[in-house]
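Peer 1: no sequence on this one, just coordinates:
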């Protein structure tokens, strides 16, 4: 922690120390969850399963920061293939149906690993 208002959350992922980032940062009442992909155990999984795995990691990071899915006000979803949008939207809806955060979905040309299909960021605001 750099000050009493800031809490860095680690998921233990290898790239956190390589890139110098945190899985999530809580600063006051704001929680920012970094772009999150499915873990390597989902290398052969479809976009839906990868999105669900990523969202589970997002949910854990939020909990570690004292927040929940219900506190999320915005998500950003990055897809390598726009044809996966329906599968990923289904996973997003299952998690956020009652919350309905503002959201953006964009297609990107590539991700860090060729097997990764989706990356999800989340932003939460605590009451």
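Peer 2: In hand now; what should we look at? Values in this document were obtained by computation on a predicted structure and should not be read as measured data.
Peer 1: Please enumerate residues in contact with the host helix or strand of residue 123?
Peer 2: Per DSSP states H and E: residue 123 is located in strand 118-125. Applying C-beta atoms under 8 Å, 6 or more residues apart in numbering, the contact partners of strand 118-125 are 29-38, 47, 50-51, 54-55, 58, 62, 65, 67-68, 71-80, 84, 88, 92, 101, 111. To be clear about C-beta, it is placed using only N, CA and C from the backbone, and glycine gets the same treatment.
Peer 1: Please check those and keep the buried ones.
Peer 2: 30-38, 47, 50-51, 54-55, 58, 62, 65, 67, 71-72, 75, 77-80, 84, 88, 92, 101, 111 (16 or more other C-beta atoms under 10 Å).
Peer 1: quick one, longest helix in this protein?
Peer 2: helix 47-64 (DSSP state H).
Peer 1: quick one: low-confidence ranges for this protein?
Peer 2: 1-4 (pLDDT under 70).
Peer 1: What ranges does it have for its strands?
Peer 2: 6-9, 24-27, 30-36, 72-79, 102-107, 118-125 (DSSP state E).
Peer 1: so which of those strands gets nearest residue 15?
Peer 2: Proximity to residue 15 (C-beta to C-beta) singles out strand 30-36 among these, at 9.6 Å.
Peer 1: gap between the closest one and the chain center?
Peer 2: How far strand 30-36 lies from its chain's middle: 6 Å, per C-alpha atoms, centre = their mean, to the nearest Å.
Peer 1: Thank you, goodbye.
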